[in-house]
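Peer 1: need a structure here:
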Amino acid sequence: MKKKVLILSSSPRRNGNSDLLCDRFLEGAKSSGHDVEKIFLKDKNINYCTGCGSCSMGKSCPQKDDMPEILEKMIAADVIVMATPVYFYTMCGQMKTLIDRTCARYQEIKDKDFYFIVAAAIDSKPAMERTINEFRGFTACLDGPKEKGVVYGIGAWKVGEIKGTPAMDEAYKMGQEI
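Peer 2: I've put the predicted structure just below:
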């Protein structure tokens, strides 16, 4: 069954290690006939949540940026892939800002399959669990999320070092097996 797949790449570096893993996931998903879109968050204007409370009062977010477009795509997707480089054992600011801004409509992000992609210089999957748990903290607030897989791109510091690692094949295979 063809699915709508949305990949959210939060790397601040185009073709950075986590972004390259997104591309491999995308290739795998497309090879299986899925409708795939990748959003490179650096290309978008996403302001920080100001805590104004408008969304909690049933009003739309007053900020004028690209987040409403992204949020519509998150709501419409069947599968959401969230990818981040790992800085100081946590997700990057771009991804956290996106997550915070879902507040206005997070209850509409229902029954999605989620995949997480992380890339880090350290060569330790257990060290990445803190970052994965941050993603799980987000999805725990949603209705009916299903975590389907994690790609651990570890041991890659410089741009492109992820190429040729098992994580590249894992990303492709996960995309292919949606």
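Peer 1: Would you mark the buried spots in the helix or strand where D100 lies?
Peer 2: Assigned by DSSP states H and E, D100 belongs to helix 93-101. By neighbour count with 16 or more other Cβ atoms under 10 Å, helix 93-101 contains the buried residues 94-101. (Each C-beta comes from the backbone N, C-alpha and C, glycine too.)
Peer 1: same check, this time on stretch 11-26
Peer 2: 11, 16-26.
Peer 1: So which of those residues are in helices?
Peer 2: 17-26 (DSSP state H).
Peer 1: Could you list every helix and strand in contact with whichever helix or strand comes after the helix holding D100?
Peer 2: Following helix 93-101 in sequence order, the next helix or strand is strand 113-119 (DSSP H and E). On a contact count with 3 or more Cβ pairs under 8 Å, 6 or more residues apart in numbering; DSSP states H and E, strand 113-119 meets helix 17-31, strand 79-87, helix 125-139, strand 146-153, helix 166-176.
Peer 1: Let me have these in a markdown table, adding mean pLDDT and distance to K3 as columns.
Peer 2: A markdown table is the format used below for the helices and strands packed on strand 113-119 (pLDDT from 0 to 100; distance: least, Cβ to Cβ, whole Å):
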| stretch | mean pLDDT | distance to K3 |
| --- | --- | --- |
| helix 17-31 | 98 | 8 |
| strand 79-87 | 98 | 5 |
| helix 125-139 | 97 | 17 |
| strand 146-153 | 98 | 11 |
| helix 166-176 | 98 | 11 |
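Peer 1: Now distance to K73 too, for those, in CSV please.
Peer 2: Shown next, in CSV, are these (distance: least, Cβ to Cβ, whole Å):
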stretch, distance to K73
helix 17-31, 15
strand 79-87, 9
helix 125-139, 16
strand 146-153, 18
helix 166-176, 18
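Peer 1: What's the separation between the residue of the chain most remote from its centre and A104?
Peer 2: Distance from the C-alpha centroid of the chain peaks at M57, with 27.6 Å (Cα atoms, centre = their mean). Separation of M57 from A104 (Cβ to Cβ, to the nearest Å) stands at 11 Å.
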